[in-house]
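> Structure of the sequence below:
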Amino acid sequence: MAEFPNIEHYRGDTFEQIPMVYNLNGNPVNLTNAIIRMQLKKENDGVAYLDLTSVGNAGITITNPIGGAFKINEQDIDIQAGNYVYDIEFNIGGTIETLIKGEFTITNDVTR
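Got it, this is the predicted structure:
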């Protein structure tokens, strides 16, 4: 599993989209018919405060399936400030792999 840069976000602000490419051994993985999921939790087996999926572009969009490109969509994230963990899971042809994980910190901003 790849460690991904930790993410910091101000509560209630618009989260800018993050483009990504899934490569394996330097080659893009074909994401045609893939399902990508991402969850944000306080601890690994806790409650999901944010649950995104590529199904119906519900938070994640596969932008170039053959090129392995996808993005976490721009969206408002207004959940309680704190330290969270996240991971991103890929289901490609029934094979499920969690390949990206990291920390996600939400901070209260001054102007609300």
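
> For the rest of this, base every contact and every neighbour count on C-alpha atoms.
Will do.

> Look up which residues are beta-bridged to residue 105.
Per DSSP bridges, the residues bridged to residue 105 are residue 8, residue 83.

> per-residue confidence for it?
As predicted, residue 105 sits at a pLDDT of 94.

> ditto for residue 69
Per-residue confidence at residue 69 stands at 94 (pLDDT).

> Quick one: residues contacting it.
By C-alpha atoms under 8 Å, 6 or more residues apart in numbering, the contact set of residue 69 is 19-22, 28, 31, 62-63.

> For residue 81, state which of the residues you listed is nearest.
Nearest to residue 81 among the contacts of residue 69 is residue 19, at 24.3 Å by C-alpha to C-alpha.

> element containing that closest one, please.
Assigned by DSSP states H and E, residue 19 belongs to strand 18-21.

> I'd like the distance between the residue positioned nearest the centre of the chain and residue 111.
Nearest to the geometric centre of the chain sits residue 38, at 4.4 Å (C-alpha atoms, centre = their mean). As judged by C-alpha to C-alpha, to the nearest Å, residue 38 and residue 111 stand 29 Å apart.

> likewise residue 69?
Between residue 69 and residue 111 the computed distance is 35 Å (C-alpha to C-alpha).

> just the strands in the protein please.
According to DSSP state E, the chain carries its strands in the segments 2-3, 7-10, 14-15, 18-21, 23-24, 27-28, 35-41, 48-53, 60-64, 69-72, 75-76, 82-92, 95-107.
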